[in-house]
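A.B. asks: Based on what follows, work out the 3D shape:
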Amino acid sequence: GDGVRKNPNPLYRVYVSHSDRRNLYYAHLDIESGRVTTIEGVDLKVPVTRLIAEDCKVWDSGQRMTNPPAVMDDGAGRPLMLLPVAGQESPWKGEHVFIRWNGDDWTQVPVASLNSTWSGGWLTQEDDVLTALITTGDADGSLLSYGGGRIEKWMSSDRGDSWQKESEWVPEEGMIYNNPRPVPTSRGDILDGAYTMFGWEGPDGLTKEKCCGRAFLYFRGEWV
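C.D. replies: Residues are numbered from 1 along each chain as shown. Coordinates of the predicted model:
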C-alpha cells in the first residue's frame, strides 16, 4: 500500500517493490526419510524457522536486492546456483553471481552484469562445461524494469571459477527480453544448440495495457 511505499530501502534511499527479497538459503530434503539437513549433512529441526535457517544461509546480502536463483544439480547431489544480485549503489545495477559449495564454504563468482534483479538466468551443464544464460541491459529501472535489452551466453570449463562470454543475442532491436531457457525434449534431455526466450515491446513492463510480446526460438544458428 501507500504506507509501505513511503519507506525507502535504507541502502538505496528509494522505495524498491521487492525490498523483502534479500538473503539466500539452502537446505536438503530427503523425500524418503523426511530428513532436512544443511549442505554439510547436519540435521535441522522442522519446521525450519528463521533462527534455524541461519545454519543454511548461503548469502547475506544485507540491504542489497536479490531474487530467486536458477538452481541445478551438479550430478553429484550438490547444488549450483545463479543468483541475480543488485549492487551497493543502485537497485538497477548489479551482477549475476554463480554460487557453489567448495567443500568448506560457499563460493561466489560474478558472471556478468545485470540491469535489474528481475532479469532472469538459467544454468546447464554438459560434461565439465557450465553454461549460464543471462538477461542484461544498459538502461536503468525507469525503462527496463522487468528485463533487459539482450541475452548473453557465458561458459565455464573450470567448475565456475571463471567465465567467458560466448554469444550475445538480440533477436529484434528495441525489445525487452527475459527468461532465456534451453529446449527440453520429450525424453527430458536438452536439445543441443536450441534456446527460447520471450520479448515484448517497451518501454513499459508486461503489466501495462496493450503490451505486445512474443516468444523466440534459437535453432541451427538462427532466431525464429
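A.B. asks: Distance-wise, check residue 134 relative to residue 46.
C.D. replies: Distance, residue 134 to residue 46, using CB to CB, to the nearest Å: 35 Å. Backbone N, C-alpha and C define where each C-beta goes, glycine included.
A.B. asks: of the two, who's got more company?
C.D. replies: Neighbours per residue (other CB atoms under 10 Å) separate residue 134 from residue 46, with residue 134 holding more: 27 against 12.
A.B. asks: Partner strands of the host helix or strand of that one, with direction?
C.D. replies: According to DSSP states H and E, residue 134 maps onto strand 129-136. When pairing is defined by DSSP bridges, strand 129-136 lines up against strand 121-126 (antiparallel), strand 150-156 (antiparallel).
A.B. asks: Could you write out the alpha-carbon coordinates of the longest one in PDB?
C.D. replies: What follows is the C-alpha trace of strand 150-156 in PDB, where atoms were taken according to Å, rounded to 0.1, in the frame of the first residue of the first chain:
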ATOM      1  CA  ARG A 150      19.800  -8.600 -24.700                       C
ATOM      2  CA  ILE A 151      20.500 -12.200 -23.700                       C
ATOM      3  CA  GLU A 152      24.100 -13.400 -23.200                       C
ATOM      4  CA  LYS A 153      25.600 -16.900 -23.100                       C
ATOM      5  CA  TRP A 154      28.500 -17.400 -20.700                       C
ATOM      6  CA  MET A 155      30.500 -20.600 -20.300                       C
ATOM      7  CA  SER A 156      33.000 -22.000 -17.800                       C
END
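A.B. asks: tell me the average confidence for the next helix or strand after it?
C.D. replies: Going down the chain from strand 150-156, the next helix or strand is strand 164-169, by DSSP H and E. Averaging pLDDT along strand 164-169 yields 96.
A.B. asks: How about residues contacting strand 164-169?
C.D. replies: 112, 150, 151, 152, 153, 154, 155, 156, 197, 218, 223 (CB atoms under 8 Å, 6 or more residues apart in numbering).
A.B. asks: and which of these is nearest to residue 9?
C.D. replies: Here the nearest of these to residue 9, counting by CB to CB, is residue 112; it sits at 23.6 Å.
A.B. asks: Contacts only, for the closest one.
C.D. replies: Applying CB under 8 Å, 6+ apart to residue 112 gives the contacts 95, 96, 132, 134, 136, 152, 154, 163, 165.
A.B. asks: With distance to residue 188 as extra columns, can I get the residues you listed in CSV?
C.D. replies: Formatted as CSV, the contacts of residue 112 follow (distance: CB to CB, whole Å):
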residue, distance to residue 188
95, 31
96, 26
132, 21
134, 24
136, 29
152, 26
154, 24
163, 27
165, 28
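A.B. asks: so which of these comes closest to residue 146?
C.D. replies: Ranked by distance to residue 146 (CB to CB), those are led by residue 136 at 13.2 Å.
A.B. asks: what about the residue nearest to that closest one when sequence neighbours are not counted, neighbour count?
C.D. replies: Distances taken as CB to CB, 6 or more residues apart in numbering put residue 148 closest to residue 136, at 4.5 Å, once the chain neighbours are dropped. For residue 148, the neighbour count with other CB under 10 Å is 24.
A.B. asks: pLDDT value on residue 148, please?
C.D. replies: In this prediction, residue 148 carries a pLDDT score of 85.
A.B. asks: Wait, it touches residue 180, no?
C.D. replies: No: applying CB atoms under 8 Å, one finds residue 148 not in contact with residue 180, separated by 10.1 Å.
A.B. asks: Mind putting the strands paired with strand 129-136 into JSON lines with mean neighbour count and distance to residue 8?
C.D. replies: Shown next, in JSON lines, are these (neighbours: other CB atoms under 10 Å; distance: least, CB to CB, whole Å):
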{"stretch": "strand 121-126", "mean neighbour count": "19", "distance to residue 8": "27"}
{"stretch": "strand 150-156", "mean neighbour count": "20", "distance to residue 8": "30"}
